[in-house]
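Student: Predicted model and sequence below, questions to follow.
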Amino acid sequence: TVLVVDFGAQYAQLIARRVREARVYSEIVPSTMPASEMLAKNPKAIILSGGPSSVYAEDAPSLDREIFEAGVPVLGICYGFQLMAQALGGTVDNTGSREYGRTGLTVSKPASTLFEGTPVEQQVWMSHGDACSEAPAGFTVTASTDEVPVAAFENDERKLYGIQHHPEVMHTTFGQQELEHFLYRGAGLTPSWTTESIVDEQVEAIRAQVGSRRAICALSGGVDSAVAAALVQKAIGTQLTCVYVDHGLMRKGETEQVEKDFVAATGVQLKVVDASERFLGALAGVSDPEQKRKIIGREFIRVFEQAQAEIVAEAPSDEPVAFLVQGTLYPDVVESGGGTGTANIKSHHNVGGLPEDLEFELVEPLRKLFKDEVRMVGQELGLPAEIVQRQPFPGPGLGIRIIGEVTRERLDLLREADAIAREELTAAGLDGDIWQCPVVLLADVRSVGVQGDARTYGHPVVLRPVSSEDAMTADWSRLPYDVLGRISTRITNEVSEINRVTLDVTSKPPGTIEWE
Ligand code: XMP
């Protein structure tokens, strides 16, 4: 394990992902964790992340010196670099020489462990106010910038390395190489964290946890629950039953994809419950977003519990259905406190939100994984690309993409418009560039249009294409005009009742990705 010590800001997750991309397993720990606890994890290397603080700030997070004396290779980045300099007797000044953004770096020791094989002049990404003016005794300065004399240093004997810039961001041209040099050359690690090894490890862990008992999984059609289910299926076969609740708020073709393609690829036992009447009945007359979410969540729980009872009744066995499979991802684990203790189920992350008093133990085979790793595991398990590469889709489905009351007719309109947008984005090869593109129906709004010489009075839809790394923040995607044009023409031609297509150009914040 490589530990990434999180000093705040959003850098730690990115660093952890880059380490994984180097095929080395990494884990994030908070900087408040005592050094003894970090070392007890037996890390093969430690990376200190950047952070928003100045080492001189009163409440600046610090680090036990013990970390530098334990013989574990350490890489300090940005704030972590300055902490390291300070702790080991170097000098960090508040020089006023700030550097933000793209900066030229000059490597003064081209044969150094971190920089070997990279050019003397290179572009890096900086973001700091304080600067290191003197390296600690025993350290060699390996790079500088116009503003900062000590932009990187290392002590190869003690296996301690530091860089002022951020190697984890794209704008640092040789960042990944520098990280890999630290991992492979500095810490002597070998790349062994592969998709195959993840699958093997998880299959073994699931078998050990579940034993001969039974498990149940709510499939939503989304990537996470599909991959989690496929992993558990591989581990325990028919001891797992999946439940797919069709609440009538799914996208076009989604139910068929789960019923046919997913089952064909995994051989999973699937129980499909058609509950669209029930959901639409409960949603009748409701247009408040929070109320819609609550109703969908509540109905989902009822249907799921009923399905669970049926599964038990249909296949009586001495083995209880004791486990619930959840597609919780690593970022959720980090955000809810760092992976110790029991899982906290965010209502946001599963279909409607399962009740907390369900008497299940959780199986969470994706707890260690980032989204891109989940997709790779899905591919390794043979899931179809349509499932593995699909856009995130909210549990309450199209129900929260109709602004106004949800009715069957409105759902049909939105489903068609959404399918056209997805088709055109895929055809234009843009799936990899966008995070998701909700299509939103403004069902209570009408505008005048003209079609075939006749006046129309139809509804607008909104296209909401966004790019994002994790949905916490997002920017609106600059889609090519000709693609937007094709989507607009097709929707207005093929979906009667929709006579206007508009584009949402709001980032998150201030807008959320979904409209409700
Ligand atoms: P917002 O709209 O909050 O969405 O910017 C962030 C991400 O979460 C998805 N989303 C949901 N996912 N259940 C889910 O499983 C939900 O209730 C839910 N609401 C929003 C949204 O599609 C986006 O990817």
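Tutor: Yep, it's here.
Student: Longest helix of this protein, counting residues only.
Tutor: helix 289-314 (DSSP state H).
Student: ok, and for stretch 132-152, which residues are buried?
Tutor: 132, 134-136, 139, 141-145, 147-152 (16 or more other C-beta atoms under 10 Å). All C-beta atoms are positioned from the backbone trio N, CA, C, and that covers glycine.
Student: where does the protein come near the ligand, residue by residue?
Tutor: Contacts of the chain with the ligand, taken as C-beta under 6 Å from any ligand atom, map to 348-349, 392, 394-396, 436, 471, 508, 512-514.
Student: switch the cut-off to 5 Å
Tutor: Proximity of the chain to the ligand (C-beta under 5 Å from any ligand atom) is limited to residues 348, 392, 394-395, 471, 512-514.
Student: a markdown table for the residues you listed, including neighbour count?
Tutor: Formatted as a markdown table, those follow (neighbours: other C-beta atoms under 10 Å):
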| residue | neighbour count |
| --- | --- |
| 348 | 11 |
| 392 | 14 |
| 394 | 22 |
| 395 | 23 |
| 471 | 17 |
| 512 | 12 |
| 513 | 20 |
| 514 | 16 |
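Student: Farthest pair within those?
Tutor: Maximum pairwise distance among those (C-beta to C-beta): 14.9 Å, between 395 and 512.
Student: quick one on the thing from earlier: just give me the least confident of the residues of the chain next to the ligand.
Tutor: On pLDDT alone, residue 348 ranks lowest of the residues of the chain next to the ligand, at 39.
Student: which secondary structure element contains residue 12?
Tutor: In this structure, residue 12 sits in helix 11-21 according to DSSP states H and E.
Student: so what secondary structure elements neighbour that helix?
Tutor: Counting contacts by 3 or more C-beta pairs under 8 Å, 6 or more residues apart in numbering; DSSP states H and E, helix 11-21 is packed against strand 2-6, strand 26-30, helix 175-180, helix 330-335.
Student: From the contact counts, what lies against the helix or strand harbouring residue 485?
Tutor: Taking DSSP H and E as the definition, residue 485 sits inside helix 481-494. Other helices and strands packing on helix 481-494, by 3+ C-beta pairs under 8 Å, 6+ apart, are helix 408-427, strand 454-463, strand 498-503.
Student: I'd like these as a markdown table, with mean neighbour count and mean pLDDT appended.
Tutor: As requested, those are exported to a markdown table (neighbours: other C-beta atoms under 10 Å; pLDDT from 0 to 100):
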| stretch | mean neighbour count | mean pLDDT |
| --- | --- | --- |
| helix 408-427 | 19 | 98 |
| strand 454-463 | 17 | 97 |
| strand 498-503 | 19 | 98 |
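Student: helices or strands up against the helix or strand of the chain with the lowest mean pLDDT?
Tutor: Least confident helix or strand of the chain, by mean pLDDT, DSSP states H and E, is helix 330-335 with a mean of 85. Contact here means 3+ C-beta pairs under 8 Å, 6+ apart; on that basis helix 330-335 packs against helix 11-21.
Student: The helix it packs on: which residues count as buried?
Tutor: So helix 11-21, judged by 16+ other C-beta under 10 Å, has buried residues 11-21.
Student: tell me how far that helix is from the chain's mean position?
Tutor: 12 Å (C-alpha atoms, centre = their mean, to the nearest Å).
Student: between it and strand 2-6, how many degrees?
Tutor: 160 degrees (axes from the mean of the first three to the mean of the last three C-alpha atoms, to 10 degrees).
Student: ok so, going back, go ahead and name everything in contact with the helix or strand just after the longest helix of the chain.
Tutor: Downstream of helix 289-314, the next assigned helix or strand under DSSP H and E is strand 321-325. Residues from elsewhere that reach strand 321-325 (C-beta atoms under 8 Å, 6 or more residues apart in numbering): 209-210, 213-218, 225, 228-229, 232, 240-241, 308, 311-312, 354, 358, 360-365.
Student: Next, the contact list for residue 20, please.
Tutor: Residues in contact with residue 20 (C-beta under 8 Å, 6+ apart) are 26, 193, 370, 373.
Student: tell me the secondary structure for the last one?
Tutor: Think residue 373. helix (DSSP: H, G, I helix; E, B strand; the rest coil).
Student: Count the residues that sit near it.
Tutor: By other C-beta atoms under 10 Å, 20 other residues sit near residue 373.
Student: ok, now which ones touch it?
Tutor: 20, 195, 198.
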